[in-house]
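[1] predicted model follows, preceded by the sequence.
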Amino acid sequence: MADTLRGALFISLGVVSASIGLKSFLLPSHFIDGGVTGISLLVQQLTGISLSLLLVVINLPFLILGSRTIGRQFAIRSVIAIVLLSVAVFSIPYPVVTHDKLLIAVFGGFFLGMGIGLAMRGGAVIDGTEVLAVYLSKKLGLSIGDIILIFNILIFSVSAHILSLETALYAILTYLSAKTVDFVIDGIEEYIGVTIISHLSEEIRLTITEKLGRGCTIYAGSGFRQAGRSASLDGYHFHRHHPFGAGKIEIRSRQDRLGSLYRHEHTQRYQGRDGEEEAVGALRRTKHQ
């Protein structure tokens, strides 16, 4: 329940922040951004179709892909987040803060990037680009960051051709401002490690390697003395490094799935999870279940 409330809080704050970035900065000045949000803004300028509708329609294929590649719970949360963003953009009369183009690009990207990062902390996305990047990274062997960069270069190139070079340059500045906030929220790099100690050696190994599709490091030890006896235990540790927020979605869903698998298959176990979220100066957190 606590995790659910925490996720809902992050998603709500993300929706508010992203809608401020759109309504108070980008939309009034006809600016665009990268990702699916940028495509929606570009299509809105060319066709006049409501941005609220475009955000849902254009994100929909990416959410269907996300439900298959990342998880159903993630897709449900993302649908809720995007619908809430669409409602906020449509119904809340945010004031126009400034008409200065530089401030619009910087702070529009700031609030939009903050919203995307907070929603991701809540286990959802309000921009489907990250889902596509996770999927293509497995197929093409490219990093998630490289795929997102290529995707946005295409968007900015099209906007330069259709709108103007100046608009495309401001869009790049908006995108860079948004990515700066991602680094502040998630850290430049993040490592997630999970350590499991149990006597159910082979079952755990098969679960990690076959059902989760992850490698693991295996080490042997002893402990848990009870009634004068010692038990031999095998330990497993595996981790995944991901440079951008999209990887965070995937590893978080993997952690959720890992927990559900062990709750289902192994009723007695010790599991520790380590998260390292800053390259320098972060607190090392360990969660015991």
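    Received the coordinates, thanks.
[2] what's the first helix or strand after the host helix or strand of Leu60?
    If you go by DSSP states H and E, Leu60 is part of helix 51-69. The first helix or strand that comes after helix 51-69 along the chain, using DSSP H and E, is helix 72-91.
[3] next, the angle helix 51-69 makes with that following helix.
    180 degrees (axes from the mean of the first three to the mean of the last three CA atoms, to 10 degrees).
[4] show me which residues of the helix holding Leu60 are buried.
    51-52, 54-56, 58-59, 62-63, 65-67, 69 (16 or more other CB atoms under 10 Å). For the C-beta atoms, the positions are set from N, CA and C on the backbone; glycine is no exception.
[5] just give me the least confident of those.
    When the buried residues of helix 51-69 are sorted by pLDDT, the bottom entry is Thr69 at 81.
[6] now do that residue against Gly117, distance only.
    Using CB to CB, to the nearest Å, one gets 21 Å for the distance from Thr69 to Gly117.
[7] so for Gln271, what's the pLDDT?
    Gln271 is given a pLDDT of 44.
[8] again, but for Gly115
    90.
[9] shift numbering so it begins at 36
    Yes, from this point I'll number from 36; that puts the last item at Gly150.
[10] isn't it up against Ser47?
    No. Counting by CB atoms under 8 Å, Gly150 does not reach Ser47; the two are 10.3 Å apart.
[11] picking up where we left off before, helices or strands up against the helix holding Leu95?
    With contacts taken as 3 or more CB pairs under 8 Å, 6 or more residues apart in numbering; DSSP states H and E, helix 86-104 sits against helix 70-82, helix 107-126, helix 164-175.
[12] identify the residues contacting it?
    57, 62, 71-72, 74-76, 78-79, 109-110, 113-114, 117-118, 120-122, 124-125, 160-164, 166-167, 169-170, 173 (CB atoms under 8 Å, 6 or more residues apart in numbering).
[13] that helix versus helix 70-82: what angle between them?
    In terms of direction (the same axes, to 10 degrees), helix 86-104 departs from helix 70-82 by 150 degrees.
[14] isn't there a helix covering Tyr254?
    No. According to DSSP: H, G, I helix; E, B strand; the rest coil, Tyr254 belongs to no helix; its state is strand.
[15] of all the helices and strands packed on helix 86-104, which one is nearest Ile188?
    Nearest to Ile188 among the helices and strands packed on helix 86-104 is helix 70-82 (11.4 Å), distances taken as CB to CB.
[16] show me what Ile231 is bridged to.
    Note on Ile231: beta-bridge partners by DSSP bridges are Tyr271, Gln306.
[17] ok, now how distant is it from Glu238?
    Plainly put, Ile231 is 11 Å away from Glu238 if you go by CB to CB.
[18] so for these two, which residue has more residues nearby?
    Remark: of Ile231 and Glu238, Ile231 carries more neighbours, 23 against 13, as counted by other CB atoms under 10 Å.
[19] and the angle from the helix or strand containing Asp181 to helix 70-82?
    For Asp181, the element it lies in under DSSP H and E is helix 179-197. Helix 179-197 and helix 70-82 are oriented at 10 degrees to each other (the same axes, to 10 degrees).
[20] mind listing residues that contact helix 179-197?
    Helix 179-197 has contacts (CB under 8 Å, 6+ apart) with 67, 69-70, 73-74, 77, 81, 164-165, 167-169, 171-172, 175, 202-203, 206-207, 210, 277-279, 281-282.
[21] show me what contacts Thr209?
    Applying CB under 8 Å, 6+ apart to Thr209 gives the contacts 61, 66-69, 140-141, 143-144, 147.
[22] distance check, it against Ile93.
    Distance of Thr209 to Ile93, given as CB to CB: 18 Å.
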